[in-house]
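Student: structure, please.
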Amino acid sequence: MEKPVRSSTSAGETACATIASKGLALVGQAIWPAGAGQRPTPQRKRHLPALTGLRFVLAIWVIVHHLTGKGMMLEPWVQTLPAGLQSLVRGGYLAVGTFFVLSGFVLARSYGEKEWDRSSLFCYGVARIARVYPGYLLSLVIVSPFIYRSLLAGGSGSSRRVELLTNYGLVLQGWTGSLGVGWNTPAWSLSCKLFFYLCFPLLLMVFARRTWPRIIVAALVSIVLPLMLAQLHVPWWWKPFYHTADFLVGIVASHLFDVLHEVNFHRIGIWLYGVAGSVGALMVAFPQYLRGSSLDLNSSLRPVNVAILIGLAIGGGLPARLLSSRLLKYLGQASYSMYILHVPLLWWYSRYMWRHSPAPSPAAAAAIYIVGVIVVSALAFELVEEPANRMIRQWAHGKS
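Tutor: Model prediction:
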């Protein structure tokens, strides 16, 4: 790897210039990405840009969900919508399940043919931590003044302080339920992802072979597991256990994608994601029709997510081309920073800018906030997430 050339320009100026130049280039190529129209190749590690662009859409959905709550910027606007559209806009929390399915899909494609030994396991584990923790640590730095005020200036007892700091420092929020603080509420999902990463080599050993019996067994396990956990009265706040089904079905989706490539079904992508996306939107918009069934909404959406991911991975159609564009691909790469930083940034924006903003309406204030989150997240991706990820991975390779 080439060493970076030293420059007198500051890191911040370089990152801003890089993002600006990328933005101008990417907007011009937003509709038709490089390589569009080429027949997809079946390699397991082939990059699937539409799935990267999908990450950005999912992150925006999560952000909008958090802006539609009681007293939030988009509450007045969302209340003017028909009931179905209200449910659809406010259903952004369901995007987290799609993220989990996508994580299983991508890891299965990246490591599906990996030869595991002590060295590769070490590098894999470090790489997974490097993927999650630098951005998360930055989120805690951003919200740290509010953490200080809550813990030290708020009169919390010492045991309570230790409990909260331990939970947030070790990313245990997904195991402990509501902590009574909202410093970074989406961080519970990182507990799930770290658990998935821990289980992944074992899951891959069990379901590595792309045979129909194993695919069917894995799909059945993903359906039965949440039901079995509920029947065994496993606490609902042990979220990593319940959401393992999402991650596992992502591995199933990767295997199904390979099977479709082998039988040359490369023209059905638009039908898969088009029909599945429509069905999923109706399920989110009208969840009352699922009441009384044994499956909750997230579980019912699991096969829908599989079809959407496989369809977009196969490609075809304008939506897939848009998601594959260089602009959305770049924003998708920065989507983790968007996801994990937007609530800490909301702490600052809602207290010191929103109510004092010259924006003509709460909706306009929300638009300003979302644009700000995207810009800050792009900077975080360039200055923190990617450099830290690269540095930690290089250290791991040097140790292995």
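Student: just want the most central residue of the chain.
Tutor: Phe99 (4.2 Å; C-alpha atoms, centre = their mean).
Student: what's the span of stretch 145-162 from first residue to last?
Tutor: Stretch 145-162 has an end-to-end distance of 17 Å (criterion: C-alpha to C-alpha, to the nearest Å).
Student: now stretch 258-267
Tutor: Note: stretch 258-267 ends 14 Å apart using C-alpha to C-alpha.
Student: by contact count, what packs against the helix or strand that contains Tyr133?
Tutor: Using DSSP states H and E, Tyr133 maps to helix 118-151. When contacts are defined as 3 or more C-beta pairs under 8 Å, 6 or more residues apart in numbering; DSSP states H and E, helix 118-151 packs onto helix 158-169, helix 188-207, helix 335-349, helix 386-399. For the C-beta atoms, the positions are set from N, CA and C on the backbone; glycine is no exception.
Student: and the helix or strand that comes right after the third one, what's buried?
Tutor: Beyond helix 335-349 in the direction of the C-terminus, DSSP H and E gives the next helix or strand as helix 362-380. Counting neighbours by 16 or more other C-beta atoms under 10 Å, one finds that the buried residues in helix 362-380 are 362, 365-366, 368-370, 373-374, 376-380.
Student: swap in stretch 346-357?
Tutor: Leu346, Trp347, Tyr349, Ser350, Trp354.
Student: re the thing from before, what angle separates the helix holding Tyr133 from helix 386-399?
Tutor: Helix 118-151 runs at 140 degrees relative to helix 386-399, counting by axes from the mean of the first three to the mean of the last three C-alpha atoms, to 10 degrees.
Student: averaged pLDDT, helix 118-151. What do you get?
Tutor: Taken as a whole, helix 118-151 has a mean pLDDT of 93.
Student: run the chain-centre distance for that helix.
Tutor: Distance of helix 118-151 from the chain centroid (C-alpha atoms, centre = their mean, to the nearest Å) equals 15 Å.
Student: check what pLDDT Ile223 gets.
Tutor: So Ile223 comes in at 89 (pLDDT).
Student: how about it, what does it touch?
Tutor: Ala245, Ser299, Arg302 (C-beta atoms under 8 Å, 6 or more residues apart in numbering).
Student: CSV for the helices and strands packed on helix 118-151, including mean pLDDT and distance to Phe122?
Tutor: Shown next, in CSV, are the helices and strands packed on helix 118-151 (pLDDT from 0 to 100; distance: least, C-beta to C-beta, whole Å):
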stretch, mean pLDDT, distance to Phe122
helix 158-169, 89, 23
helix 188-207, 93, 12
helix 335-349, 97, 23
helix 386-399, 92, 7
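Student: most tightly surrounded among the ones you listed?
Tutor: helix 335-349 (a mean of 23; mean count of other C-beta atoms under 10 Å).
Student: centre of the chain to that helix, how far?
Tutor: 13 Å.
Student: out of the helices and strands packed on helix 118-151, nearest to Val78?
Tutor: Closest approach to Val78 among those is made by helix 335-349 (16.5 Å; C-beta to C-beta).
Student: how about the CA coordinates for the closest one, as CSV?
Tutor: Written as CSV, here are the backbone C-alpha positions of helix 335-349 (Å, rounded to 0.1, in the frame of the first residue of the first chain):
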residue,chain,number,x,y,z
SER,A,335,-24.4,5.7,5.9
TYR,A,336,-23.0,4.1,9.0
SER,A,337,-21.8,7.5,10.2
MET,A,338,-25.2,8.9,9.4
TYR,A,339,-26.9,6.2,11.3
ILE,A,340,-24.8,6.3,14.4
LEU,A,341,-24.2,10.1,14.6
HIS,A,342,-27.6,11.5,13.8
VAL,A,343,-29.0,11.2,17.3
PRO,A,344,-25.9,12.8,19.0
LEU,A,345,-26.1,15.6,16.4
LEU,A,346,-29.9,15.9,17.1
TRP,A,347,-29.1,16.7,20.8
TRP,A,348,-27.1,19.7,19.7
TYR,A,349,-29.4,20.8,16.9
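Student: I am finished for the moment; much appreciated.
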